[in-house]
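1. Task: produce atomic coordinates for the following.
(one chain, ligands or ions: 2)
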Amino acid sequence: MAVRQLPIPAKSDPSIPLLTQLSNLGPFRGPLQLVQTLDRVSGIPWLQAQSQYPKAYWQSRESDKELAASGCVRKFATANEASHCLSESAALPLVIMGALPFDDTNTPGTEQPLFFLPRLLWQRQDDNITLTLNLWVDEAHSFTDEMAAAKDALHTLRQPAHTPCPPLPDVLAVCNSPEQASWAKLVSQALAEQPILSKVVLARRQLLTTGQPCDPWLLLQRWHQANQHSTPFALQLDNQSSFIGCTPERLFKRDGRQLLSEAVAGTDVRPKDPLHARLIAMALLGDGKNRRENRIVLDDILSRLGPICDALSYDDRAQVLKLNRLQHLKRAIHGRLRKEICDADLLARLHPTPAVGGTPRADALRFIAAHEPFQRGWYAGAIGYLSHANSEFSVAIRSAHIEGCQLALYSGAGIVDGSDAHKEWQELDNKVATVRSLMGQK
Ligand SMILES: C=C(O[C@H]1C=CC=C(C(=O)O)[C@@H]1O)C(=O)O
Ligand SMILES: [Mg+2]
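-> Ligands and ions are numbered 1, 2, ... in the order given. From the prediction side, this is the model:
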């Protein structure tokens, strides 16, 4: 895709509103960005107010970067196409939003990978908020059509409503898939595949039926408030269904050639009492089964990054990642990427890590596909953004799919030598405890 830009009449000036910049625009070819600064407004309410789909939301775990995207200028069938587009238009700071389902192999009838250049991108970097309007003129999209689409996007732009926070709807029924008895069977089947299948992450879908449709944006805001050091994210392909979550796990973060990844696996509860929580943390650091879960993820990521990095290092001791009600074993991984490696290569190599899949990868994925009684869809996929300068993707766990009055909560647990079906079931419960408590469930 050759990117050529003809001179444009006015350089984008963030102090001038987008509509004025747009009306001064003369013919051009290739991608173009108009940018406007915005006053303090939060990303989630801003995106909630917009009407153009797809919508995607992602905020870094450190809260320094927040992205809210609405509408689509270009869709890319693969991460490779998205990466290629970015390298061809490196002069512009284009940001492409991306999501991979757990099964990213284009299996018919399942969720397909999604990469798109948004029509409107609300962006916060530290305290600076901007709104970017993307346009792209080429053989298939005339200047006139692009101008009309861009004007339409600006005319339908809405300010977030300042409404008092309504309560979340009542839960009328709860249904687990699998139920506990089938779970126990599944765990023993997985353990029977040892030592070849050294780890497989098995998951549960817990379906809550609510009295009224649950507002995904309201739930996401509360979820993030309860778990400040996690990454909140959302994906809405249309106005019928939403996938949201608040994940503690980073797949990778790239800044230029610098790469950060991590193994987050191995779990216990984190009670409110600090002394009790510390005792549990210490026990977690020394526990064989949890250390195995973590080590398998670490080794897998290292072996996949080794061939594409000039330098690679990792925490030789696990840290404890502290969440609202849980604590995990975590090891950070640092690398310097070889220069020909792009974000698509990283996604292809790393996803799905054994934090959500297993080892050996192919055997674990086959086991999951053959035995899990539901489709994972976006759960345990990857969600984030890519740009020429930097990129970051999170592992889409601690997540929920909402459609009308159905709220599906997902949780998974790593089954390794030493796993006990009953304890792993409790771990599934613990992993949905925060979101359940927001829904008024114990
Ligand atoms: C698969 C999930 O968690 C993974 C991430 C951290 C700890 C995990 C564990 O201890 O089993 C899981 O591997 C999930 O929350 O659905
Ligand atoms: Mg576990």
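
2. Am I right that Ser42 is in contact with Pro160?
-> Yes: here Ser42 reaches Pro160: they are 7.4 Å apart, a contact under CB atoms under 8 Å. C-beta coordinates here come from the backbone N, C-alpha and C atoms, glycine included.

3. Next, find the distance separating Gln112 from Pro101.
-> In this view, Gln112 and Pro101 are 7 Å apart by CB to CB, to the nearest Å.

4. The residue lying closest to Tyr314 once chain neighbours are set aside: what's it in contact with?
-> Spatial nearest neighbour of Tyr314, excluding adjacent residues (CB to CB, 6 or more residues apart in numbering): Ile333 at 4.5 Å. By CB atoms under 8 Å, 6 or more residues apart in numbering, the contact set of Ile333 is Leu260, Ser261, Glu262, Ala263, Leu298, Ile301, Leu302, Leu305, Leu312, Ser313, Tyr314, Asp315.

5. try 7 Å
-> Ser261, Glu262, Ile301, Leu302, Leu305, Tyr314 (CB atoms under 7 Å, 6 or more residues apart in numbering).

6. what do you get for Gln36?
-> Pro14, Pro17, Leu18, Thr130, Leu131.

7. Bridge partners for the last one, pull those for me.
-> Just to be clear, that refers to Leu131. Beta-bridge pairing of Leu131 under DSSP bridges involves Gln36, Trp122.

8. The one 4 residues further on too?
-> With DSSP bridges applied, Leu135 shows beta-bridge pairing to Leu32.

9. Please report the confidence value the model assigns to it.
-> We have a pLDDT of 97 for Leu135.

10. coming back round to it: mutual contacts of Ser42 and Pro160, please.
-> Jointly contacting Ser42 and Pro160 under the rule CB under 7 Å, 6+ apart is no residue at all.

11. Show only the entries of the contacts of Ile333 found in helices.
-> If you go by DSSP state H, these have Ile301, Leu302, Leu305 in helices.

12. Drop anything exposed from those.
-> The neighbour-count test (16 or more other CB atoms under 10 Å) marks Ile301, Leu302, Leu305 as buried among these.

13. Up against ligand 2, what does the stretch 201-350 of the chain have?
-> Counting by CB under 5 Å from the ion, the stretch 201-350 of the chain comes close to ligand 2 at Thr267.

14. Quick check: the residue of the stretch 201-350 of the chain nearest ligand 1.
-> Closest contact between the stretch 201-350 of the chain and ligand 1, by CB to the nearest ligand atom, is at Thr267 (3.5 Å).

15. how about that residue, what does it touch?
-> Asn290, Leu326, His328, Glu427.

16. so Ala311 bridges to which residues?
-> Beta-bridge partners, per DSSP bridges, of Ala311: Arg336.

17. now do the one 10 residues further on
-> According to DSSP bridges, the partner residues bridging Leu321 are His328.

18. do Lys65 as well
-> Residues in beta-bridge contact with Lys65 (DSSP bridges): Gln125.

19. how close does it get to ligand 1?
-> Counting by CB to the nearest ligand atom, to the nearest Å, the gap between Lys65 and ligand 1 amounts to 22 Å.

20. How about Ser387?
-> Ser387 sits 27 Å away from ligand 1, going by CB to the nearest ligand atom.

21. Tell me who's in contact with that residue.
-> Here Ser387 is in contact with Leu86, Pro93, Leu94, Val95 (CB under 7 Å, 6+ apart).

22. And the closest residue to the second one other than its chain neighbours, what's its pLDDT?
-> The one in question is Pro93. Nearest non-adjacent residue to Pro93, counting by CB to CB, 6+ apart: Ser387, 6.4 Å away. pLDDT, Ser387: 97.

23. and the gap between Ser387 and Arg257?
-> 14 Å.

24. now the contacts of Ser387 as CSV including pLDDT and neighbour count?
-> Output for the contacts of Ser387, formatted as CSV (pLDDT from 0 to 100; neighbours: other CB atoms under 10 Å):
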residue, pLDDT, neighbour count
Leu86, 95, 24
Pro93, 94, 14
Leu94, 97, 25
Val95, 98, 22
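
25. The residue of the stretch 1-150 of the chain found nearest ligand 2 - how many residues pack around it?
-> Nearest residue of the stretch 1-150 of the chain to ligand 2: Phe102, at 17.2 Å (CB to the ion). Other residues near Phe102 come to 26 when the count uses other CB atoms under 10 Å.

26. follow-up on the earlier one: what helix or strand is the residue nearest to Tyr314 located in?
-> For Ile333, the element it lies in under DSSP states H and E is strand 326-337.

27. residues of that strand that come out buried?
-> Neighbour count says strand 326-337 has Leu326, Gln327, His328, Leu329, Lys330, Arg331, Ala332, Ile333, His334, Gly335, Leu337 buried, by 16+ other CB under 10 Å.

28. coming back round to it: the contacts of Gln36, buried ones only, as a ChimeraX selection?
-> With 16+ other CB under 10 Å as the criterion, this ChimeraX line picks the buried residues out of these:
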select :14,18,131
